[in-house]
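1. Fold the following for me, if possible:
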Amino acid sequence: MPVRFLSPSLGGYSGFVEARHWEVGAAFRRLSADEWFVGSQVRESAAPFGQPLLLNIYSLDATITYGVTDRVSVTMTVPFSRGAHSRFYADGNRHTVKAAGMGDISGIANIWLRRPSTAVSGNVALGLGLKTASGNNDVVDSFFLADGSVTKNPVDQSIQLGDGGVGAIFQLQAYRKLAGDAVWYGYGWYLLTPREQTGVASPLAGVSLSVPDVYSFRSGVSTPLWRRHGIAASFGPRLDGIPLRDFVGGSAGFRRPGYSLYLDPGIVVSSGRSTWSINVPVRVHQDFQRSLADVARGSAGGGDLAKYLVLLGYTVRF
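-> Numbers count the residues shown, from 1 in each chain. Sure thing, here's the model as predicted:
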């Protein structure tokens, strides 16, 4: 399930940037999870040593976009994260391990099919990009053994800074004016990663970490609340997931496949060249599947999920 893999800005989501203009932004995400799911149900007995696993991850993305023409823009995203992973170990005690630093830098080019300045009723943008393997995917921290000794092992995949593979990003954005001032929006991206495994072993599964594909889709309706002060609201579903099998390449190794479905309310405030946003997606459904590695070792699989996310964004254009 995508926990670390979904940075707030992966895919370089951005609206219209005029030719020869810049947009600089920052996106923050807070994720906290404390329930172990197998399939669509909470099943704490399947967690390591039958005890709850706790996750706290804070992510910050720095983005910069340049408008090449009125229809074409390019975006670079540099992500940073700090994650803490708390669980019981073989010594019978709960311990917390951490990872912090820069993640996988990505770049993407977007092209609007129609000139945005004249496409008042609706438009579609296509994006194609590259996610690098710049983030460390082999962060290690303390690992506590039954005899009380402590060794060093890779931290859980959920808080690793990178996934260890280069990937292609495919993106689609669209909007359509509805009745009155309401606008329908749609946004989605798919991260395709040809590499199968990293060679970094999972302490939980005893096999190498997988480099999975990842996807995210959003849709909904946006409408002005207070036009004079540039305040608008949006609401719609959001779907984040990791497929059981990758679109290209093998799918072996340790991964947490499945999806989370959210209802995603948001508020946007625009003033001059600046835009602030806040979204709080609330999870309404989920499904953790067994990975190929889980099937091979007879494990029930599963993992932790957040009840909600907190996403904050700021951009300024010049």
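2. Does the closest residue to residue 101 other than its chain neighbours fall in a helix, a strand, or a coil region?
-> Distances taken as CB to CB, 6 or more residues apart in numbering put residue 161 closest to residue 101, at 5.1 Å, once the chain neighbours are dropped. Bear in mind the C-beta positions are built from the backbone N, C-alpha and C, glycine included. At residue 161 the chain is in coil, as set by DSSP: H, G, I helix; E, B strand; the rest coil.
3. And for the one 4 residues further on?
-> The three-state label given to residue 165 by three-state DSSP is coil.
4. separation between it and residue 195?
-> Per CB to CB, to the nearest Å, residue 165 is found 4 Å from residue 195.
5. In terms of neighbours, single out the busier of those two.
-> residue 165 (24 against 20; other CB atoms under 10 Å).
6. pretty sure the more buried one contacts residue 213?
-> No. Residue 165 lies out of contact with residue 213 (CB atoms under 8 Å); the separation is 10.0 Å.
7. Identify the contacts common to these two.
-> Overlap of the contact sets of residue 165 and residue 213 (by CB atoms under 8 Å, 6 or more residues apart in numbering) consists of residue 193.
8. Tell me where the stretch 1-150 of the chain has strands.
-> Secondary structure of the stretch 1-150 of the chain by DSSP state E, counting those that start in this stretch: the strands cover 22-38, 41-42, 54-67, 72-88, 94-102, 106-112, 122-131, 140-144, 150-154.
9. Tell me the buried residues in the first one?
-> What that stands for is strand 22-38. Using 16 or more other CB atoms under 10 Å as the test for burial, strand 22-38 gives 23, 25, 27-33, 35-38.
10. ok, of those, which one's closest to residue 284?
-> Here the nearest of those to residue 284, counting by CB to CB, is residue 37; it sits at 13.5 Å.
11. Check the gap between that closest one and residue 301 for me.
-> 10 Å.
12. so what's in contact with those two at the same time?
-> In contact with both residue 37 and residue 301: residue 288, using CB under 8 Å, 6+ apart.
13. before we move on, the earlier item: overlap in contacts, residue 165 and residue 195.
-> residue 211.
14. Go ahead and confirm residue 36 touches residue 44.
-> Yes. Residue 36 is in contact with residue 44 according to CB under 8 Å; the separation is 5.1 Å.
15. Pull up the overlap in contacts between these two.
-> residue 52.
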